[in-house]
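Asker: here is my input; please provide its structure:
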Amino acid sequence: MCGTACSDRGSTLIEALIAIVLVSIGLIGLTSMQPTSWQASARADYLGRAAMMISQEITQQEVWIMNPCNTVSAGTTTQSVNVSGQATSQSGDAVFTIQTTITNIGTNTWQVTVRITWPPLNTTGITESIVVTRQENFRRGCV
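Answerer: Model (predicted):
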């Protein structure tokens, strides 16, 4: 008397349970990728900030050295910069270490190497170098 309608009674329930299980597995997979994406995002943020700082430091040293009026001191200097830009470290603030090395490699020629690290996340950091020579056209501020 029932026919095919009676034999299909539980199939909708089983299909719904299978769909719920599949969606749950997908959601678990997505949530397991979340910490990895946060780490990649943080690394990209730090690298971007470090690249900006390294560019600023290289440019500043290049302009200083190119002016024949300025005295260039060979050696290494190290400074710490807070991510927040504040003079003192804020709660949760990361600190970048900028190491600048100036080496005299010839008459009126210096090599500037800047290395930026941000421990504990990256102790090797990124490094950039440039060779700078004195430029008479950059003579400014001589007495």
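Asker: check contacts around the most centrally placed residue in the chain.
Answerer: The centre of the chain sits closest to Leu47, judged by CA atoms, centre = their mean, with a distance of 1.3 Å. By CB atoms under 8 Å, 6 or more residues apart in numbering, the contact set of Leu47 is Ile126. In this view, the C-beta of every residue, glycine as well, is placed from N, C-alpha and C.
Asker: return the distance of it relative to Ile126.
Answerer: For Leu47, the distance to Ile126 (CB to CB, to the nearest Å) stands at 7 Å.
Asker: kindly report the same for Glu57.
Answerer: Counting by CB to CB, the gap from Glu57 to Ile126 is 12 Å.
Asker: who has more neighbours out of these two?
Answerer: Using other CB atoms under 10 Å as the criterion, Glu57 and Ile126 rank with Glu57 on top: 20 against 16.
Asker: my read: that one touches Ile98, true?
Answerer: Yes - in this structure, Glu57 is within contact of Ile98 by CB atoms under 8 Å, at 5.9 Å.
Asker: list residues touching both of those two?
Answerer: In terms of CB under 8 Å, 6+ apart, Glu57 and Ile98 are both contacted by the residues Val114.
Asker: mind listing the strands for the chain?
Answerer: Remark: strands assigned in the chain by DSSP state E are 75-82, 95-106, 109-118, 122-133.
Asker: please identify the most buried of those strands.
Answerer: strand 109-118 (a mean of 19; mean count of other CB atoms under 10 Å).
Asker: please state the offset of it from the chain centre?
Answerer: 17 Å (CA atoms, centre = their mean, to the nearest Å).
Asker: that one pairs with which strands, and in what direction?
Answerer: Sheet pairing of strand 109-118 (DSSP bridges) gives strand 95-106 (antiparallel), strand 122-133 (antiparallel).
Asker: averaged pLDDT, the first one. What do you get?
Answerer: If I follow you right, that is strand 95-106. Throughout strand 95-106, pLDDT has a mean value of 94.
Asker: tell me the angle of it relative to strand 75-82?
Answerer: Put simply, strand 95-106 runs at 160 degrees to strand 75-82, going by axes from the mean of the first three to the mean of the last three CA atoms, to 10 degrees.
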